[in-house]
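S.K.: Kindly generate the corresponding structure for this input.
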Amino acid sequence: MSEALKEPQQDRSRATRQRLLEAAVESLAEVGYAATTVSVVAARAGVSRGAAQHHFPTRADLFAAAVEYMTEVRLAEIRAQAAALPSGPGRTEAIVGILADVYAGPLFRAALHLWVAASTEEPLRRQIVQLEAHVGRQAHRALLEVLEVSERTPGVRETVQGVLDMARGLGLADLLTDDSARRRGIVRQWSRILDQALREPGV
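M.R.: Numbers count the residues shown, from 1 in each chain. Take a look at the predicted model:
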């Protein structure tokens, strides 16, 4: 096959893979783990079940890749939005608000369904534990970057991790009811604390 023919084929393959990953996250978020089969995801993506299995041999492979891909997309969005923010008062609150909104969105809901399933399915658990470690590192690195702080400064690592843990907790609180009003107040107060902590010597 010539290079000219290979390139469009590779483009189609990448597009199919991306549709499958997006469809997997959407389905997990909307109907949960048990109802999100490979066939359901393939139908949502507009491809055959065989095409889906060509890209992802197992259901666990599909779900892990979907959460990893969508995490990368969301972190890229956070970086882009943070880069557009002016420096000075309000920047930290805007960044923490963006992060909290991500944890209140469909990606977190999809990941939560996976965590619950992984707690009782050992093969899936092993895969998700590895994925969570990777995703956690990526999120931590991105937050350090957009807050413009160094992990080499004592206390910064724990402070930034606390922000991520807080955002995850707010995401859980939003799971069953709209918690946006309370979330805004917590984000505002936490951002004041964060600004003060990151400015203090030794933190």
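S.K.: Can you tell me which residue is spatially central in the chain?
M.R.: With distances taken as CA atoms, centre = their mean, the residue of the chain nearest its centroid is Thr71 (3.2 Å).
S.K.: Does it touch Ala139 like I think?
M.R.: Yes - with contacts counted by CB atoms under 8 Å, Thr71 reaches Ala139, the gap being 7.2 Å. Placement of C-beta: from N, CA and C, glycine included.
S.K.: average model confidence for the top helix by length along the chain?
M.R.: Assignment by DSSP state H gives helix 3-31 as the longest helix of the chain. When the per-residue pLDDT values of helix 3-31 are averaged, the result is 85.
S.K.: in it, what's buried?
M.R.: Neighbour-count burial for helix 3-31 flags 16-17, 19-29 (criterion: 16 or more other CB atoms under 10 Å).
S.K.: farthest-separated two in those?
M.R.: When CB to CB is used, the two most widely separated members of these are Thr16 and Ala29, lying 20.8 Å apart.
S.K.: what distance separates the host helix or strand of Ala64 from the middle of the whole chain?
M.R.: Assigned by DSSP states H and E, Ala64 belongs to helix 59-83. Relative to its parent chain, helix 59-83 has a centroid offset of 5 Å by CA atoms, centre = their mean, to the nearest Å.
S.K.: and the angle from it to helix 3-31?
M.R.: Counting by axes from the mean of the first three to the mean of the last three CA atoms, to 10 degrees, helix 59-83 points 90 degrees away from the direction of helix 3-31.
S.K.: Which secondary structure elements does helix 59-83 sit against?
M.R.: Taking 3 or more CB pairs under 8 Å, 6 or more residues apart in numbering; DSSP states H and E as the contact definition, the neighbouring helices and strands of helix 59-83 are helix 3-31, helix 38-45, helix 91-103, helix 106-118, helix 122-147.
S.K.: Make JSON lines out of those and add distance to Ile193.
M.R.: Formatted as JSON lines, the entries for the helices and strands packed on helix 59-83 read as follows, by distance: least, CB to CB, whole Å:
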{"stretch": "helix 3-31", "distance to Ile193": "31"}
{"stretch": "helix 38-45", "distance to Ile193": "41"}
{"stretch": "helix 91-103", "distance to Ile193": "10"}
{"stretch": "helix 106-118", "distance to Ile193": "23"}
{"stretch": "helix 122-147", "distance to Ile193": "13"}
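S.K.: right, so of those, which gets closest to Ala173?
M.R.: Using CB to CB as the criterion, the shortest distance between Ala173 and these is 9.8 Å, found for helix 91-103.
S.K.: So which elements touch the closest one?
M.R.: Contact analysis of helix 91-103 by 3+ CB pairs under 8 Å, 6+ apart lists helix 59-83, helix 122-147, helix 156-173, helix 180-199 as its packing neighbours.
S.K.: again, only using 10 Å
M.R.: Judged by 3 or more CB pairs under 10 Å, 6 or more residues apart in numbering; DSSP states H and E, the packing partners of helix 91-103 are helix 59-83, helix 106-118, helix 122-147, helix 156-173, helix 180-199.
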